[in-house]
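# need a structure here:
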Amino acid sequence: MKNAFKLLCLSSALLSFSSIAAQFPVTVTDVSGRQVTIESQPENIALSTGRVFPLLEIIYQQEAADHLVAWRDDMRLSAPSMYANYIKDFPQLKDVPHIGKIKSGEFDTERFINMKNRPDLFVVDISNIKLAEEKGLIAKLDKLGIKVIAIDFREDPVKNTVRSVTTLAKALGKEEQGKAFADYYQQHVKNLTDVVATLPVSELNKRVFIERAAGYDGSCCQTFATGNMGAYIPYLKATNIADKPLKGAITGQMSPESVISAQPDVYIMQTTGWIDKKGNVTSGVPFGYAPLNQAAISKATSKLMDRSWLKAINAYQNKNVYSIYMPFYNSPYNLVAMEYFAKWVHPEQFKDLNPDKTFEEMNLKFANRKATGVFGQNNFEAMKK
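Residues are numbered from 1 along each chain as shown. Below is the predicted model:
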């Protein structure tokens, strides 16, 4: 039965992705509000952040790596289990040229435009678009026939995830793939909102705190308010304790004392297993794509849970401390993180929700690949394993 379900999903994906001749030129409006006209179907694509490679998978499936000609080397460093998993399926990714970060000034424009396989399309995170415009980078690339499209999975993911996927899919002449993703994503979000709409009064306004990059260094507590994974919290009719202290900012810092004072009911650590440029393990909880080391996960989790100030928080006392796989914050698969948040904030109402199944299903349906791992956990349960 299980194999039959997988075959059905695969057949549906292949059927829905049947090729229809795309008509060019085509004009799209990206998530930054820019109108971009694509004269002919792009073939060579560059990514301003490597962790959004799943976006190309959704559009191209097994041919995704064939279209990638440049990317930033952030997946290998910030999501090593993800990188290892993709390298296994796409060995050619090891040889894709690296580009620098636009924000930090590391991006080398001349090297970029003189690449052997010059990009037709540059996919840029929305946080870099304004700077790229101010520097004249977008205008310069446009004159050379390299179009720039903004995407956003991190600043306003609830609003911009589907739009990012469908806009890029249209620009690449792959509208059917974009529509299939949009239909799936929106149905799952509707399933969440339908339940949230019926929450009892006792479930409303639970206090939630997100610790950004837990374990990355010894400090605490970087967090999110209005954007990133913080955007999920009001969607679940809960209260983000960082909203008032951060005064409308997307991200910022709270002290352990201020977190204790706010007494969150649910505490969520956003984390992953980071490595340095030489490949040495540095910090964080090393979960993500399989294979995984449960002993290492338990040890790293215990270290984060052993901070004395954390034990003074209601969420700790009630064993409502969780960890989420950090790379979901900049991924079209962020739906999985939303479902984890729903289970953790409203465990009784979402007891049958299975985020891991959603992740496996999305990979099978849209990327035509198998992907499993550990992407979320109750920290108390993890320490027992």
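
# for D30, see how far away the closest residue in space to L144 that isn't next to it in sequence is.
Nearest residue to L144, sequence neighbours excluded (CB to CB, 6 or more residues apart in numbering): I113, at 5.7 Å. The way it works is simple: take the backbone N, C-alpha and C, and place the C-beta from them, glycine included. Counting by CB to CB, to the nearest Å, the separation of I113 from D30 is 21 Å.

# R163 now?
As for R163, its distance to D30 is 8 Å (criterion: CB to CB).

# and what of P347?
Per CB to CB, P347 is found 38 Å from D30.

# higher neighbour count, the two?
Higher neighbour count among P347 and D30: D30, with 23 against 14, using other CB atoms under 10 Å.

# my guess is the more buried one meets K147, correct?
No: when contacts are counted by CB atoms under 8 Å, D30 is not listed as touching K147 (10.0 Å).

# find the residues that touch each one of those two.
Residues within reach of D30 and of K147 at once, by CB atoms under 8 Å, 6 or more residues apart in numbering, are V36.

# now for the residue nearest the centre of the chain: which residues touch it?
For the chain, the residue nearest the mean C-alpha position is S331 (2.4 Å; CA atoms, centre = their mean). Listed by CB under 8 Å, 6+ apart, the contact partners of S331 are 51-52, 54, 153.

# same list (the residues you listed) but as TSV, adding pLDDT.
What follows is those, written out as TSV (pLDDT from 0 to 100):
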residue	pLDDT
R51	96
V52	97
P54	97
F153	96
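
# okay, strands next: where are they in the stretch 251-385 of the chain?
Using DSSP state E, counting those that start in this stretch, the strands assigned to the stretch 251-385 of the chain run over residues 251-253, 266-271, 274-275, 281-283, 288-289, 321-325, 373-374, 376-378.

# so for S16, what pLDDT did the model give?
As predicted, S16 sits at a pLDDT of 45.

# that should have said G279, apologies.
Here the pLDDT value assigned to G279 is 71.

# need the phi and psi values for it.
G279 adopts backbone torsions of phi 90, psi 10, taken as degrees, to the nearest 10.

# how many residues are close by it?
G279: 9 surrounding residues under other CB under 10 Å.

# check contacts around it.
P80.

# can you tell me how far it is from G100?
As judged by CB to CB, G279 and G100 stand 20 Å apart.

# one more: A132?
13 Å.

# so between these two, which is more surrounded?
A132 (23 against 16).

# pretty sure the more buried one sits in a helix.
Yes: secondary structure of A132 (DSSP: H, G, I helix; E, B strand; the rest coil): part of a helix.

# please, which helix or strand holds the residue nearest to it when sequence neighbours are not counted?
Closest residue to A132 apart from its sequence neighbours, by CB to CB, 6+ apart: I138 at 5.1 Å. Here I138, judged by DSSP states H and E, is contained in helix 137-143.

# got a list of contacts for the helix or strand just after that helix?
Using DSSP H and E, the helix or strand that follows helix 137-143 in sequence is strand 147-151. The set of residues external to strand 147-151 that reach it, using CB under 8 Å, 6+ apart, is 28, 30-32, 34, 36-38, 42, 52, 55, 120-126, 129, 132, 137-138, 141-142, 160, 164, 167-168, 171.

# now, which of those lie within helices?
In this view, the contacts of strand 147-151 that belong to helices under DSSP state H are 55, 126, 129, 132, 137-138, 141-142, 160, 164, 167-168, 171.
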